[in-house]
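Trainee: give me a 3D structure for the following:
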Amino acid sequence: MQRHLQLAPSAESARAAQDKIYEWELKIDTQPGSAGRMRQSGY
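Mentor: A predicted model of the protein is given here:
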């Protein structure tokens, strides 16, 4: 998904792709023991 945004940032689907990435990140960050905490720590 992120590659799609890098290769075609002005594509009509770019906004939907970014929204989906935000949704996935939120799910990761809200799960107990998730990698989201590691990402915030710089891992």
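Trainee: Ile21 reaches Gln6, doesn't it?
Mentor: No - the pair Ile21 / Gln6 is not scored as a contact, 11.9 Å apart, by CB atoms under 8 Å. Backbone N, C-alpha and C define where each C-beta goes, glycine included.
Trainee: residue nearest the centroid of the protein?
Mentor: The central residue of the chain, meaning the one whose C-alpha is nearest the mean C-alpha position (CA atoms, centre = their mean), is Ile21 at 3.0 Å.
Trainee: quick one: average pLDDT of the top helix by length along the chain?
Mentor: As far as residue count goes, and with DSSP state H defining each element, the longest helix of the chain is helix 14-30. Averaged across helix 14-30, the pLDDT comes to 88.
Trainee: for that helix, packing partners?
Mentor: Of the remaining helices and strands, those touching helix 14-30 by 3 or more CB pairs under 8 Å, 6 or more residues apart in numbering; DSSP states H and E are helix 2-7, helix 35-41.
Trainee: which of those helices has the lowest average pLDDT?
Mentor: Least confidently modelled of those is helix 35-41, at a mean of 54 by mean pLDDT.
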